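> Predicted model, plus sequence, below.
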Amino acid sequence: MISGYAFRGYNVDAFLLFRWMFRQGILPDCFTLVSVLKASVGGGKCGGLAKVSMIHGCVIQLGYESYSIISGSLVDAYVKCGNLANASYLYKKMQNKDRISCTALITGYAREGKNSSECLELFRQLHRNHREIDSIILCSMINICANTASLSLGRQLHAIAIKYQSTLDMAMSNALVDMYAKTGEIEDANIVFHHTTEKNIISWTSMIAAYGVHGRGVDAVSYFKKMECEGFEPNDLTFLSLLFACSHNGLTAEGRECFTKMVRKYKIVPGDEHYSCLVDLFARSDCLNESYDLICRMNIKPSASLWGKVLGACSIYGNMDLGEVAAKHLCNIEPTNAVSYVVLASMYSAAGLWDIAWKARDVVQTKRLPKDPGYSLFHSGNDMVALIPG
């Protein structure tokens, strides 16, 4: 009955039936525990974690911890609930570590974007033990390389992927495009993209984003037009990548056209990030009044990020009036953020208004508002080390 509920997606019913059964003294077998674990992770991270923890207690009470199928299911369940610490602890205790549990743990680490060294060690163990390495593991590892800018390891994984798959599938190709783009090898990303026989909207969006990040906005716009010609319909992430590319490459006219097309042709409702890119585009092009008008006409409440972009542009171009308006809104949204006061004080100082500048800086001192110092990131081995000045 429990497995039937779990199979049909009745996750709550499956868990409630399990709890009732356990209270009645009806002891579950391994098959029942695996089924109810799969059903329990369907309730979101918070609710799911509480259920998985309770089932884990039942497993310990019944003495099923040594069963590989139970341990593997617990590892998978904890990963899906976001508790990688428990998942890793259970995996290390497993006597017979299987590929499925290892894959679940690696995928969890890749999704979290942390513990890259532990993830790499798991992959090495798989490789040393001559276990089968599938595309799921390779995609997860390549995503980790992308997030940690590990180009050398990424190239090795690319070679392993070619060894195991003569023709790379769509997911693998997309992961490689993203990895090469994030590690600065835009031409390699382009080669992988063009060798991908079957592309989807993720493939095109990855290339548009890659060109935008690397300061090649014209190429990003060109790829967008090619994508449309080949019959692919862009989504909100595609337009976000394109707006970012236009914003950071001074393509004001193209950015306007892109935003208009998104709303009118594709009927996509702009989100905060779309507006943020467009405001940033106008601000960088010294169209400050246009950016302010856009904020006033938005159908969502302006965020601190939006007003921060306006304030930063006002500081660059010396627009005192609009800068004061932006700073006022920023102070209302984030009253404990010292940045808006510091930027406003710098604007006053640049204009020679020293008394007003001192008052703005005095607010930071009086309210004891914290201001984080700037720092650089240094890539050391598998870790990113923050270089904070002393």
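Yep, it's here. Numbers count the residues shown, from 1 in each chain.
> Give the closest residue to S241 in space, chain neighbours not counted.
Excluding its sequence neighbours, the residue lying closest to S241 (Cβ to Cβ, 6 or more residues apart in numbering) is A209, at 3.9 Å. Bear in mind the C-beta positions are built from the backbone N, C-alpha and C, glycine included.
> Distance of that neighbour relative to G217?
According to Cβ to Cβ, to the nearest Å, A209 and G217 sit 11 Å apart.
> quick check: mean pLDDT across the helix or strand encompassing the residue nearest to S241?
Assigned by DSSP states H and E, A209 belongs to helix 201-213. For helix 201-213, the mean pLDDT works out to 92.
> Would you agree E273 is in contact with L240?
Yes. Between E273 and L240 there is a contact under Cβ atoms under 8 Å: 5.6 Å.
> In terms of neighbours, single out the busier of those two.
L240 (23 against 16; other Cβ atoms under 10 Å).
> What residues does the closest residue to Y292 other than its chain neighbours make contact with?
Leaving aside its sequence neighbours, Y292 sits nearest to L322 (Cβ to Cβ, 6+ apart; 5.9 Å). Listed by Cβ atoms under 8 Å, 6 or more residues apart in numbering, the contact partners of L322 are L288, N289, Y292, V310, C314.
> residue ranges with poor pLDDT in this protein?
For the chain, the stretches with pLDDT under 70 are 1-24, 42-47, 113-116, 130, 166, 364-365, 367-375, 377-390.
> Of all the helix elements in it, which one is longest?
Secondary structure of the chain per DSSP state H: the longest helix is helix 44-62.
> Dump the contacts of L322 into CSV; add neighbour count and secondary structure as well.
Below are the contacts of L322 laid out as CSV (neighbours: other Cβ atoms under 10 Å; DSSP: H, G, I helix; E, B strand; the rest coil):
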residue, neighbour count, secondary structure
L288, 21, helix
N289, 11, helix
Y292, 20, helix
V310, 27, helix
C314, 25, helix
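> Pick out whichever of those sits closest to A345.
C314 (13.1 Å; Cβ to Cβ).
> Does that closest one touch S340 like I think?
No. Taking contacts as Cβ under 8 Å, C314 lies outside contact range of S340: 11.2 Å.
> thinking again about what came up before, and the longest helix of the chain, what's buried?
Using 16 or more other Cβ atoms under 10 Å as the test for burial, helix 44-62 gives G47, G48, L49, K51, V52, S53, M54, I55, H56, C58, V59, L62.
> same thing with stretch 181-193?
Of all the residues in stretch 181-193, those buried under the rule 16+ other Cβ under 10 Å are A181, K182, T183, E185, I186, D188, A189, N190, V192, F193.
> measure the residue nearest to Y292 to V310 for me?
On the measure of Cβ to Cβ, L322 and V310 end up 7 Å apart.
> Return every residue with contacts to both of those two.
L288, Y292.
> Identify the residue nearest G308 in space, chain neighbours excluded?
Leaving out its chain neighbours, the residue that sits closest to G308 by Cβ to Cβ, 6+ apart is L330, at 6.3 Å.
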